[in-house]
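K.L.:
here is my input, please return the structure:
(chains A, B and C)
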Amino acid sequence: MNNKKTFQSLVNEIVKTIPPGKVMTYKDVASKAGNQKAFRAVGTALKNNPDKSIIHCHRVVGSDGAMHGYAFGGESEKIRILKSEGVIFIGDKVDLAKSRL
DNA sequence: CATTTGACAGGAA
DNA sequence: CTTCCTGCCAAAT
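P.N.:
The predicted model follows:
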């Protein structure tokens, strides 16, 4: 079997494991992926995500809980979705202090 | 193999 | 607090 999954698939799996009401930073995901400095590749992977429909991309936020991309109609929309999941928000950013997995 | 791109992070001004 | 620059990595071409 192909165990050698690309970073993309790896990140993909990790992001899918994020439970509702929780979020992970690119750094956290990258760290689980094997390289904490690969947060760059994480973003690249997510945007190239093969299953964006099943991936909880909106549960992945920046180091400050800020969302950079993923405009699900607008950042405001994304915020609303996360809040709907139970994530705590501070203004336009996620409260990593409580919602960070 | 080299170059380019990308949904980032951290530091400096 | 905001804005700009640099550094990092992986995948695609």
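K.L.:
near DNA strand C, which residues of chain A?
P.N.:
A:6, A:7, A:8, A:34, A:35, A:37, A:38, A:40, A:41, A:44, A:45, A:48 (CB under 7 Å from any atom of the strand). C-beta coordinates here come from the backbone N, C-alpha and C atoms, glycine included.
K.L.:
how about the nearest residue to the first one, chain neighbours excluded?
P.N.:
Counting by CB to CB, 6 or more residues apart in numbering, residue A:6 lies nearest to residue A:45, which is 7.8 Å off, once chain neighbours are set aside.
K.L.:
what of the last one?
P.N.:
If the residues on either side of it in the chain are set aside, residue A:48 comes closest to residue A:8, at 6.2 Å by CB to CB, 6+ apart.
K.L.:
now the helix or strand containing the one you found, how far from the centre of its chain.
P.N.:
Secondary structure assigned from DSSP states H and E places residue A:8 in helix A:7-16. How far helix A:7-16 lies from its chain's middle: 10 Å, per CA atoms, centre = their mean, to the nearest Å.
K.L.:
list the buried residues of it.
P.N.:
By neighbour count on 16 or more other CB atoms under 10 Å, the buried set for helix A:7-16 is A:7, A:8, A:9, A:10, A:11, A:12, A:14, A:15.
K.L.:
wait, the fifth one touches residue A:31, no?
P.N.:
No. At 11.0 Å, residue A:11 does not count as touching residue A:31 under the criterion of CB atoms under 8 Å.
K.L.:
state the phi and psi torsions of the nearest residue to residue A:10 once chain neighbours are set aside.
P.N.:
Nearest residue to residue A:10 in three dimensions, chain neighbours excluded: residue A:33, at 5.0 Å (CB to CB, 6+ apart). Phi and psi for residue A:33, reported as degrees, to the nearest 10, are phi -70, psi -20.
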